[in-house]
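Visitor: sequence first, predicted model second:
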Amino acid sequence: MKHGKKIAVAGSLLLAACASTPMGPTVLVMPSPNKPFEVFQQDQEACKQYAQSQVAGQASSANTGAVGRATLGALLGAGLGAAVGNHQGAGVGAGVGALAGTASGGDSTDQAGNMIQMQYNNAYEQCMYSKGNQVPGVVR
């Protein structure tokens with residue numbers, strides 16, 4: 001069982017870094033004509049802070065859920081391994097359960113990370129648009 005616990009903990013730690021808060025926007029916004037670049041930079045900073053506030057805590061929540069799924073997988077695997085075999089079976093079951101839970105959690109945190117980035121980008125674009133900047137694909 002000791003090896004199964006180690007695998008479960010290692011898998012859980014790997015998941016903790018899967019979903020992260022965006023470092024910045026991944027969309028292009030241009031200054032409006034005749035807007036000084038310094039003013040555009042101020043708009044960018046204000047809108048990055050606004051977008052950050054809109055997605056605050058979501059990455060942590062996604063990671064917590066993924067770690068919970070990996071842990072649950074390890075516990076279920078250990079229980080099944082113990083029921084089928086002996087202590088060694090419990091360790092193998094925990095390891096297999098942790099791997100399955102980690103794979104499942106990894107997919108969900110990857111999807112969550114993409115959704116968080118999309119929400120961040122939407123908030124950033126809305127803010128920049130409201131400040132009169134040019135958002136490609138949006139006509140005033």
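Guide: Okay, I see it.
Visitor: for the helix or strand containing Ala123, give the mean pLDDT please.
Guide: Element membership for Ala123 (DSSP states H and E) is helix 87-130. Helix 87-130 carries an average pLDDT of 75.
Visitor: please apply the same query to stretch 58-78.
Guide: 61.
Visitor: Ala112: neighbour count?
Guide: 20 (other Cβ atoms under 10 Å). Any C-beta I mention is one placed from the backbone N, CA and C, and that applies to glycine too.
Visitor: let me fix that, I meant to ask about Gln41.
Guide: By other Cβ under 10 Å, 11 other residues sit near Gln41.
Visitor: that one belongs to a helix, doesn't it?
Guide: Yes. Under DSSP: H, G, I helix; E, B strand; the rest coil, Gln41 falls within a helix.
Visitor: now it: how far from Pro22?
Guide: Applying Cβ to Cβ, to the nearest Å, the value for Gln41 to Pro22 is 19 Å.
Visitor: one more: Ala51?
Guide: Counting by Cβ to Cβ, the gap from Ala51 to Pro22 is 8 Å.
Visitor: between the two, which one's more packed in?
Guide: Applying other Cβ under 10 Å to Ala51 and Pro22 shows that Ala51 carries more neighbours, namely 23 against 20.
Visitor: sec struct for that one, please.
Guide: helix.
Visitor: give me every residue that touches it.
Guide: 22, 25, 120-121, 123-124, 127 (Cβ atoms under 8 Å, 6 or more residues apart in numbering).
Visitor: now do the phi/psi pair for Ile134.
Guide: Actually, residue 134 is Gln rather than Ile. phi -90, psi 120 (degrees, to the nearest 10).
Visitor: now swap in Met30 and tell me
Guide: According to degrees, to the nearest 10, Met30 has phi -110, psi 150.
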